[in-house]
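Participant: Following is a predicted model, sequence given first.
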Amino acid sequence: MEVAMLAYTPHDVRITSEIRALPPQDGWACYERTGQATLICSCGHSDGPMPSPLAVMLAKLHIHGIA
Ligand SMILES: [Zn+2]
């Protein structure tokens, strides 16, 4: 049986930035980015939370089958 090598990856990675709720100000709900992000791939792989720049790097590595 032949196996297609690196033809097209089935990896569709989503990076979700984490936010956290802050105390309401003047009745408005407030949120801020924590700088953390979580990876979720269509293949079932997920990782994080981790710093956003690292998440972007790991996403690229994962898509190319390195990590
Ligand atoms: Zn994947």
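Facilitator: Looks like it came in fine. Numbers count the residues shown, from 1 in each chain.

Participant: Please identify the residues of the chain in proximity to the ion?
Facilitator: Residues of the chain lying close to the ion (CB under 5 Å from the ion) are 11, 41, 43, 45. Where you see a C-beta, it was placed from the backbone N, CA and C, and this is true even at glycine.

Participant: From these, pick the one nearest residue 24.
Facilitator: residue 41 (35.2 Å; CB to CB).

Participant: okay, now the closest one: neighbour count?
Facilitator: Neighbours of residue 41 under the rule other CB atoms under 10 Å: 17.

Participant: From what I see, it and residue 12 are in contact.
Facilitator: Yes: counting by CB atoms under 8 Å, residue 12 is a contact partner of residue 41 at 6.7 Å.

Participant: Distance-wise, check residue 30 relative to the ion.
Facilitator: Residue 30 is 34 Å from the ion, where distance means CB to the ion, to the nearest Å.

Participant: now that residue, nearest residue through space, not along the chain?
Facilitator: residue 22 (4.0 Å; CB to CB, 6 or more residues apart in numbering).

Participant: Now the one helix or strand that neighbour maps to: average pLDDT?
Facilitator: Here residue 22 is covered by strand 13-25, with elements defined by DSSP states H and E. The average of the pLDDT scores along strand 13-25 is 94.

Participant: Any idea how far the helix or strand following it is from the middle of the chain?
Facilitator: The element immediately downstream of strand 13-25 (helix or strand, assigned by DSSP H and E) is strand 28-41. Centre-to-centre, strand 28-41 and its host chain are 11 Å apart (CA atoms, centre = their mean, to the nearest Å).

Participant: Equivalent analysis for stretch 16-33, please.
Facilitator: 20 Å.

Participant: Could you do stretch 26-46 as well?
Facilitator: With CA atoms, centre = their mean, you get 9 Å for stretch 26-46.
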